[in-house]
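>>> Quick one, fold the following:
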Amino acid sequence: MENINNTWYSTIFKQKNIFIEFFAVIFSVVVLGILANITVPLWPVPVTMQTFGVFLIAFFFGSKRGVIAILSYIVAGLIGFGVFAGYKSGYAALIGPTAGYIIGFIFMAIIVGLLIEKGFGRDFKSVMYCMLVGQVVLYICGLIGLSFFLGHPGIMTVLQLGFFPFIIGDMIKALAAGALFPKVWKGLSKISSN
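Purely as a prediction, here's the structure:
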């Protein structure tokens, strides 16, 4: 029998409610917009807390609602809300150096969300696995997009600009998630069993 409490959202909210879902998505867009603007400015791609926000969304919503939240975030940025890194908005973000990363958030939410729905992400080791898989997906999309933006300058140049500067930050985010997320699961399990 499938465990219906396979995401944080389904553990907290037992019944489907369109209004709760709507406000949860809006709230996630706001949180992701805030995290996107906690930055260390680098060129051409800044270091942000955005990826941590995508992981939060995937753990909270799972794959389907997670994608809806990420798409809502992208739409909010496109229509003029300054939710992208550096409080940017508009179509420039989707044709600039960060475009591949932003598109990668969609695939990251799908894949990590599916892992969560399958029971991954409950303990430190499993959270780290989810973080690793999600980061690999994000970097594939992001580095391809960056390569196109830079006019295909060569793999080492792309890695120097879009990968190497982020390794330490990503490791810190992964360790933080590994420490925090299992505790969230335990707390939610206690609430759910009451």
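>>> Number of residues surrounding residue 145?
Residues near residue 145, counting by other C-beta atoms under 10 Å, number 24. Where you see a C-beta, it was placed from the backbone N, CA and C, and this is true even at glycine.
>>> Am I right that it sits in a helix?
Yes. Applying DSSP: H, G, I helix; E, B strand; the rest coil, one finds residue 145 inside a helix.
>>> Tell me the pLDDT of it.
What the model reports as pLDDT for residue 145 is 95.
>>> contacting residues around it?
97-101, 103-104 (C-beta atoms under 8 Å, 6 or more residues apart in numbering).
>>> CSV for those, including secondary structure and pLDDT?
Below are the contacts of residue 145 laid out as CSV (DSSP: H, G, I helix; E, B strand; the rest coil; pLDDT from 0 to 100):
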residue, secondary structure, pLDDT
97, coil, 89
98, coil, 89
99, helix, 92
100, helix, 94
101, helix, 94
103, helix, 95
104, helix, 96
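>>> Sketch out the low-pLDDT regions of the chain for me.
The model of the chain has pLDDT under 70 over residues 1-5, 193-194.
>>> Now the most centrally placed residue in the chain. Nearest residue, chain neighbours left out?
Nearest residue to the geometric centre of the chain (C-alpha atoms, centre = their mean): residue 54, 1.5 Å. For residue 54, ignoring the flanking residues on the chain, the nearest one in space by C-beta to C-beta, 6 or more residues apart in numbering is residue 105 at 5.0 Å.
>>> quick one: that neighbour and residue 70 touch, right?
Yes. Assessed by C-beta atoms under 8 Å, residue 105 is found in contact with residue 70 at 5.0 Å.
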